[in-house]
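S.K.: sharing a sequence plus its predicted fold:
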Amino acid sequence: MFTAIFGVALLGERLRPVQVVLFALAAAGVWLVEGAGTHAAGLGILIALGGALFAAGAYICISAMGPSVHPLVIVLWFPLVTVPVVGPLLPAVWVWPSPRQWGALLATGVLVQIAQVAMTRAYQIGPVSVVSLVSYLQVAWAGIGGVLLFHEEPTGRGLLGLVLVVAAVIGTTRERQRRRAIG
């Protein structure tokens with residue numbers, strides 16, 4: 001939601017009332033999936049909100065750059081900034097992964113790079129308000145992955161949340177198609 005708000009304030013994008021409703025629907029879905037506020041308290045919530053705020057700022061910068069900068073260049077800057085900042089802290093907490101964990105880490109790294117490049121490209125060419133709402137599907141994919149890969153038991157509240165998130169994304173897609181058809 002921060003991304004959409006920044007898009008309006010900094011990029012001059014317009015949010016239609018239906019988009020505001022769809023954002024609220026998606027946010028309610030995420031809230032239900034995440035346990036309706038039962039997991040984090042105090043400092044944890046502030047850290048999560050700070051992370052969301054900084055991520056929104058990054059997405060706005062990516063959108064402002066537009067397609068003139070290749071997505072791989074943008075994605076390369078993330079580790080170029082992060083590794084020097086976090087690297088010195090690693091020796092204190094380092095645990096050697098097992099061979100299986102190394103494989104999982106490698107697969108995660110490859111998949112994250114592919115996803116990051118795709119998301120970066122989406123923010124370069126699409127309205128941030130639409131792209132940011134579609135990114136809520138991450139919650140749905142994580143829920144499905146939890147069930148399929150980790151045999152997690154979905155709750156009724158969690159399933160309702162997933163339905164709300166998916167419905168909001170479908171609604172956004174349909175609204176965008178309708179606006180394009182109108183002209």
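M.R.: Received the coordinates, thanks. If you're wondering where the values come from, they're calculated on a predicted model, not measured in any experiment.
S.K.: could I get the contacting residues of the most centrally placed residue in the chain?
M.R.: Geometric centre of the chain, nearest residue: Ser135, 4.7 Å, by Cα atoms, centre = their mean. Listed by Cβ atoms under 8 Å, 6 or more residues apart in numbering, the contact set of Ser135 reads Met119. C-beta coordinates here come from the backbone N, C-alpha and C atoms, glycine included.
S.K.: toward the C-terminus, what is the element adjacent to the strand or helix carrying Ala48?
M.R.: Element membership of Ala48, judged by DSSP states H and E, is helix 43-65. Heading C-terminal from helix 43-65, the first helix or strand you meet, by DSSP H and E, is helix 71-86.
S.K.: ok now that next one, how far from the chain's centre?
M.R.: How far helix 71-86 lies from its chain's middle: 18 Å, per Cα atoms, centre = their mean, to the nearest Å.
S.K.: show me what the helix or strand following it is packed against.
M.R.: Per DSSP H and E, helix 71-86 leads on to helix 99-125 as the next helix or strand towards the C-terminus. With contacts taken as 3 or more Cβ pairs under 8 Å, 6 or more residues apart in numbering; DSSP states H and E, helix 99-125 sits against helix 43-65, helix 71-86, helix 128-134.
S.K.: low-confidence ranges, the protein, go.
M.R.: 35-42, 183 (pLDDT under 70).
S.K.: switch the cut-off to 80
M.R.: Across the chain, the ranges flagged by pLDDT under 80 are 33-45, 48, 176, 180, 183.
S.K.: which residues does Met65 contact?
M.R.: Ile74, Gln124.
S.K.: tilt between the helix holding Ala48 and helix 71-86?
M.R.: Relative orientation of helix 43-65 with respect to helix 71-86: 140 degrees, computed using axes from the mean of the first three to the mean of the last three Cα atoms, to 10 degrees.
S.K.: centre of the chain to stretch 117-127, how far?
M.R.: Its chain's C-alpha centre and that of stretch 117-127 lie 12 Å apart, by Cα atoms, centre = their mean.
S.K.: cool, stretch 62-69 as well?
M.R.: Mean-position distance between stretch 62-69 and its chain equals 18 Å (Cα atoms, centre = their mean).
S.K.: what's the end-to-end length of stretch 89-108?
M.R.: 22 Å (Cα to Cα, to the nearest Å).
S.K.: actually stretch 129-147, not the one I typed
M.R.: This stretch, stretch 129-147, spans 29 Å end to end (Cα to Cα).
S.K.: next, the buried residues of it.
M.R.: Ser129, Val130, Val131, Ser132, Leu133, Val134, Ser135, Tyr136, Val139, Ala140, Gly143 (16 or more other Cβ atoms under 10 Å).
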